[in-house]
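Trainee: Next come a sequence and a model predicted from it.
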Amino acid sequence: MSVPKQPDAVKRFRIPILLSAFLTLLNDRLSESIVFPLLPFLLAQFAPDGRTLGLLAGSYALAQFLVTPLIGTLSDRHGRRPVIAICVCGSIVGLGIFATTVSLPWPEAAPFPLLLLFVARIIDGISGGTAATAGAVLADISPPDRRARAFGLIGVAFGLGFILGPGLGGWLATFNIALPVWVATGFAVLNLLVVLTMLPETHPPEARPTSMQQETAVQQETAMQQETAMEQRELNPFARIGSLMSTDSIGRLSAGFFLFFLAFNGFTAILILYFKQTFAWGPELATTAFLIVGLVATLVQGVLIGPLVKHFGEWRLTLAGLGLVIAGCLLIPAIGSANRISSVYVAVGMLAFGTGLVTPSLRSLVSRRLGDSGQGAALGSLQSLQSLGSFLGPPLAGLSYDVLGPASPFAGAAFLLVIVIAIVANSCTRV
């Protein structure tokens, strides 16, 4: 069905399309927010150390980093519906392997189950390009002047996923530690059924770059050569990052953006392991910390960020947010082993509030320095930088946790964030 070319069909199928896109976006966040806070508990019978936890978290991010540009191109070439369906199938397979592995009794020190867990996370990471494709679906069915409103659905789904995932995962884990992963698998199956039965194709063949029926043979060959060269550049995330970092106006801010996510994703990857080993917390208390993160981040980015930017500007909010994240980083290890639950939750709330200020403000600072023609490519490259930080941060933090001590990832993150403050402040003076 060529929905964009048939206004009546758009109106008829708009609600099923929006429901399919919303469930796809929610599944993308929910499957991750259910599993991630429970990783130290799920890994306990296989490898309870920080290095393994960091590598497992990083493998998911690496798979997303490498494959997301390809998924976007495939959806442009072959349509949104098949790409979303295949990605959701991959998520079902990855989550299913993970749930089966942590549910079975394995002999001690058996390497095979750990290998299966890595395979499962990589498959799930490869399949994680659904969010970008679901966003493209929303763009397909919305005129330019209404796209901002349609894209608001992305924020709602992500916020709801970050809130429901930890809360649901922590509650289900009180019955069985593997049950949350099975529930996430079941939700992915529901997502697939909705996509297959309710989502029409929103990107018709005539709108795709492979549609060249009206061109001569010479024109086709030339166009294909140009398209291939462009695709090779677009599908290489490192080339995109290099182009961004070499741009004078935004290179330093982009470096700060990368360092922020390197630090933040590093210490958050081992945060639950720290709670588990230092405070002897179980899944319910630990996942409540991530529930607080979801609530605070949704409040900041969904409600407060607009008025705050209007009154204080992106520069001040970025610096204030970085200060809050540093304070939260230093407060958590300062609590020691006293297990002061309220103090931990206050620190986690500071982390979430600070991150909610930094992420949109720093992204906006980069965007303001770009011309209109370079927005898409540069912001896409920023996403690649974020993914690269998400890949490198957890293994480095896990190694530091094991070698230098449990408090070291927090100290290291605070040091990196001080560097980010210097970069942002220096860039501010150059405006």
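Mentor: In hand now; what should we look at? Quick caveat, the model's predicted, so the values are computed rather than measured.
Trainee: Check the gap between residue 87 and residue 158 for me.
Mentor: Using Cβ to Cβ, to the nearest Å, residue 87 is found at 17 Å from residue 158. Where C-beta positions appear, they are placed from N, C-alpha and C, glycine not excepted.
Trainee: between those two, which one's more packed in?
Mentor: Taking other Cβ atoms under 10 Å, residue 87 and residue 158 do not tie; residue 87 has more neighbours (29 against 22).
Trainee: I figured the more buried one hits residue 132, correct?
Mentor: No. Contact criterion Cβ atoms under 8 Å: residue 87 and residue 132 do not qualify, at 9.8 Å.
Trainee: Quick check: neighbours shared by these two?
Mentor: Residues touching both residue 87 and residue 132 (Cβ atoms under 8 Å, 6 or more residues apart in numbering) are residue 71.
Trainee: Check which helix or strand residue 39 maps to.
Mentor: In the assignment (DSSP states H and E), residue 39 maps to helix 39-42.
Trainee: by contact count, what packs against that helix?
Mentor: helix 50-78, helix 271-278, helix 283-299 (3 or more Cβ pairs under 8 Å, 6 or more residues apart in numbering; DSSP states H and E).
Trainee: contacts for that helix?
Mentor: 35, 48, 53, 56-57, 98, 102, 173, 177-178, 181, 272-273, 276, 282-283, 286.
Trainee: just how off-centre is it within its chain?
Mentor: Centroid separation between helix 39-42 and its chain, computed with Cα atoms, centre = their mean, to the nearest Å, is 19 Å.
Trainee: The chain should start at 9 in everything you say after this.
Mentor: Shifting the count to begin at 9 puts that one at helix 47-50.
Trainee: buried stuff in it?
Mentor: 47, 48, 49, 50 (16 or more other Cβ atoms under 10 Å).
Trainee: can you redo the helices and strands packed on helix 47-50 as a markdown table with mean pLDDT?
Mentor: Shown next, in a markdown table, are the helices and strands packed on helix 47-50 (pLDDT from 0 to 100):
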| stretch | mean pLDDT |
| --- | --- |
| helix 58-86 | 82 |
| helix 279-286 | 91 |
| helix 291-307 | 88 |
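Trainee: Please identify which of those helices is closest to residue 406.
Mentor: Residue 406 lies closest to helix 58-86 among the helices and strands packed on helix 47-50, at 2.5 Å (Cβ to Cβ).
Trainee: which of the residues in whichever strand or helix holds residue 170 are buried?
Mentor: Residue 170 is part of helix 155-181, with elements assigned from DSSP H and E. If you call a residue buried by 16+ other Cβ under 10 Å, then helix 155-181 has these buried ones: 158, 161-162, 165-178, 180-181.
Trainee: any idea how far residue 353 is from residue 43?
Mentor: Residue 353 sits 22 Å away from residue 43, going by Cβ to Cβ.
Trainee: now residue 317
Mentor: 33 Å.
Trainee: Dump the helices and strands packed on helix 47-50 into JSON lines; add distance to residue 35 and mean neighbour count as well.
Mentor: Rendered in JSON lines, the data for the helices and strands packed on helix 47-50 read as follows (distance: least, Cβ to Cβ, whole Å; neighbours: other Cβ atoms under 10 Å):
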{"stretch": "helix 58-86", "distance to residue 35": "15", "mean neighbour count": "22"}
{"stretch": "helix 279-286", "distance to residue 35": "22", "mean neighbour count": "21"}
{"stretch": "helix 291-307", "distance to residue 35": "16", "mean neighbour count": "21"}
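Trainee: can those helices go into CSV with extra columns for distance to residue 343?
Mentor: Shown next, in CSV, are the helices and strands packed on helix 47-50 (distance: least, Cβ to Cβ, whole Å):
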stretch, distance to residue 343
helix 58-86, 19
helix 279-286, 9
helix 291-307, 13
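Trainee: nearest to residue 321, of the ones you listed?
Mentor: Closest of the helices and strands packed on helix 47-50 to residue 321 is helix 291-307, at 20.2 Å (criterion: Cβ to Cβ).
Trainee: Helix or strand: which one has the nearest residue to residue 297 once chain neighbours are set aside?
Mentor: Setting aside the residues directly before and after it, residue 297 is nearest to residue 356 in space (Cβ to Cβ, 6 or more residues apart in numbering), at 4.8 Å. Per DSSP H and E, residue 356 falls inside helix 349-376.
Trainee: And stretch 396-408, how far out from the chain middle?
Mentor: 15 Å.
Trainee: Check which residues of it are buried.
Mentor: For stretch 396-408, burial by neighbour count (16+ other Cβ under 10 Å) applies to 396-408.
Trainee: what's the most distant pair in the residues you listed?
Mentor: The most widely separated members of these, counting by Cβ to Cβ, are 396 and 408 (18.4 Å).
Trainee: what's in contact with stretch 55-62?
Mentor: If you take Cβ under 8 Å, 6+ apart as the criterion, stretch 55-62 is touched by 47-48, 51, 54, 122, 274, 277-278, 281, 402-410.
Trainee: Run the chain-centre distance for it.
Mentor: 21 Å.
Trainee: Tell me which of the helices and strands packed on helix 47-50 approaches residue 201 most closely.
Mentor: helix 58-86 (20.1 Å).
Trainee: buried ones in whichever strand or helix holds residue 201?
Mentor: Taking DSSP H and E as the criterion, residue 201 maps to helix 187-206. For helix 187-206, burial by neighbour count (16+ other Cβ under 10 Å) applies to 187-193, 195-197, 199-200, 202-203.
Trainee: Repeat that for stretch 97-117.
Mentor: 97-110.
Trainee: Next, give me the two most distant ones among these.
Mentor: Of all pairs drawn from these, the greatest distance, 20.9 Å, lies between 97 and 110 (Cβ to Cβ).
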